[in-house]
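Student: based on what follows, work out the 3D shape:
(one chain, ligands or ions: 2)
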Amino acid sequence: MAKKTLASLSSADVSGKRVLVRADFNVPLDGDHKITDDTRIRAALPTIQDLTSKGAKVILSSHFGRPKGEVKEEMRLTPVATRLSELLGQPVIKCDDCIGDEVAAKIGSMQNGQVALLENVRFHAEEEKNDPAFAEKLAANADLYVNDAFGTAHRAHASTEGVTKYLSPSVAGYLIEKELQYLQAAIEKPQRPLAAIVGGSKVSSKIGVIETLLDKVDKILIGGGMIFTFYKARGLSVGKSLVEEDKLDLARELEAKAKEKGVAFLLPTDVIVADNFAPDANAQTVSIENIPEGWMGLDIGPDSVKVFQEALSDCKSVIWNGPMGVFEFDKFAAGTDAIAHTLASLTGTGASTIIGGGDSVAAVEKVGVADKMSHISTGGGASLELLEGKTLPGIAALDDA
Ligand SMILES: Nc1ncnc2c1ncn2[C@@H]1O[C@H](COP(=O)(O)OP(=O)(O)O)[C@@H](O)[C@H]1O
Ligand SMILES: O=C(OP(=O)(O)O)[C@H](O)COP(=O)(O)O
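Tutor: Ligands and ions are numbered 1, 2, ... in the order given. This next block holds a predicted model:
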């Protein structure tokens, strides 16, 4: 689907205009609220700098985390404003809300070429409900709309979808354009065998993706917090590990469907368990049949790493979203590190390797192999949904080219 892009707008189209730019600044933070990986902020720079150089007033909007419609101090975008200002080399006007009088006043006094950052849109429950009145309020402070939030393009929310009904033109930014160009080409005719690696902690929103992936891929490797729902569905004890109780039937169905379709469906054979969720927790490696009561699985074990490496060795295309374990804690980073190195070597043999997602990208950056992958995508769920063949609502809503 060809969409109108920022590249098609001239200086005359944007100069002096208030441009609402939806970005995905949902970046990983450490315990001290420091940004641990700024890939998503750097990825938005071409769009922001293009607009400022053309004399636009750039009004940036993003979500951060999942505050569920409430103001959560730890989910303010203040660290993002600071980092963005450093990267742009100019001040960023930080607003304390995303709608309302204070925002209108700050935007009203902006000069051409200035940049403002609205507060976390998810502090308002109406954002995720795609509430039209809220979308209209967001749009009220702008003349036109640029969506560059590829990582959030699979969400039909007010700031990604609803707002397009009130702003014209509504176009795709350079990041979305670049991501689509790469991913669509890679996904349309992948070299086979094609493997998907799915891990991380967003089990409820990503487990459903596996069903469609079974029709697209030759192998599925499951890691991270995703695995325990499958183990519990098999009747195994998982201690205090992350489990989605209402997805147990789905997990059973997925395993059965994979068998039926002849898709290799790999779950780890051993895990590293911890006695609590902390960097200095006591840890031990156990087989999946022996997860002790009261312990939680925080990484895949060394045996699983070998099994995964063997399964990946003949793959010509791999798409990976979701770390294998809690890689932020060194004790539970070995599985993620090993898979990152494996994919880096595979790329060297000519395979196509795509890593997507805020934390997954942070993990491969931490290992130091990001530049050895074929493509680093700012979207995890978004790139998986593209692979599924779905239309992303944040892109579908933009003006046709
Ligand atoms: N076994 C596990 N239990 C709990 N959390 C996990 C586990 N394995 C990985 N995680 C967490 O998953 C998070 C990333 O998940 P997710 O947001 O789905 O990935 P991405 O941002 O790459 O799309 C990381 O912060 C990591 O600590
Ligand atoms: O981090 C994100 O997605 P990802 O973890 O799938 O890469 C996006 O910012 C979307 O966040 P959401 O899954 O809370 O809607």
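Student: number of nearby residues for Trp320?
Tutor: 32 (other CB atoms under 10 Å). Quick note: C-beta positions are derived from backbone N, CA and C, even for glycine.
Student: helices and strands around the helix or strand harbouring Ile319, which ones?
Tutor: Here Ile319 sits within strand 317-321, counting by DSSP states H and E. Contacts defined by 3 or more CB pairs under 8 Å, 6 or more residues apart in numbering; DSSP states H and E place strand 317-321 against strand 194-198, helix 334-348, strand 352-356, helix 381-388.
Student: give me the contacts around it.
Tutor: Applying CB atoms under 8 Å, 6 or more residues apart in numbering, the external contacts of strand 317-321 come out as 186, 190-200, 206, 312, 339, 343, 346, 351-357, 360, 380-381, 383-384, 387.
Student: show the pLDDT at Lys240.
Tutor: At Lys240, the pLDDT value in this model is 98.
Student: cool, and Met1?
Tutor: Reading off the model, Met1 has pLDDT 56.
Student: how about Ser159: what's its closest non-neighbour residue?
Tutor: Val121 (4.8 Å; CB to CB, 6 or more residues apart in numbering).
Student: now stretch 290-297: average pLDDT?
Tutor: 98.
Student: er, stretch 33-40 I mean
Tutor: Here the average pLDDT along stretch 33-40 is 95.
Student: going forward, the N-terminal residue is numbered 52.
Tutor: With the count now opening at 52, the last piece we talked about shows up as stretch 84-91.
Student: just how off-centre is it within its chain?
Tutor: 13 Å (CA atoms, centre = their mean, to the nearest Å).
Student: with stretch 98-111 instead?
Tutor: Relative to its parent chain, stretch 98-111 has a centroid offset of 24 Å by CA atoms, centre = their mean.
Student: what are the buried residues along that stretch?
Tutor: By neighbour count on 16 or more other CB atoms under 10 Å, the buried set for stretch 98-111 is 98-103, 105, 107-111.
Student: quickly find the element holding Asp350.
Tutor: Short version: Asp350 belongs to strand 347-351, going by DSSP H and E.
Student: touching that strand from outside, list them.
Tutor: Contacts for strand 347-351 (CB under 8 Å, 6+ apart): 274, 278-279, 289-293, 319, 321-325, 327-328, 332, 334, 342, 359, 375-377, 380, 382-387.
Student: need the residues that contact stretch 409-418.
Tutor: For stretch 409-418, contacts defined as CB under 8 Å, 6+ apart pick out 75, 77-79, 87-88, 90-91, 202, 250-251, 371-374, 378, 384, 387-388, 391-392, 394, 406, 421, 424, 427-429, 431.
Student: got a quick ChimeraX command for the buried subset of those residues?
Tutor: Of these, the buried ones can be selected in ChimeraX as follows, counting by 16+ other CB under 10 Å:
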select :75,77,78,79,88,90,91,202,250,251,371,372,373,374,378,384,387,388,391,392,394,406,421,424,427,428,429,431
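Student: so which of the contacts of stretch 409-418 also contact ligand 1?
Tutor: Filtering the contacts of stretch 409-418 for proximity to ligand 1 by CB under 6 Å from any ligand atom leaves 250-251, 372-374, 431.
Student: now render these as TSV, adding pLDDT and distance to ligand 2.
Tutor: Converted to TSV, those look like this (pLDDT from 0 to 100; distance: CB to the nearest ligand atom, whole Å):
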residue	pLDDT	distance to ligand 2
Gly250	97	11
Gly251	97	7
Asn372	96	6
Gly373	97	8
Pro374	98	10
Gly431	95	3
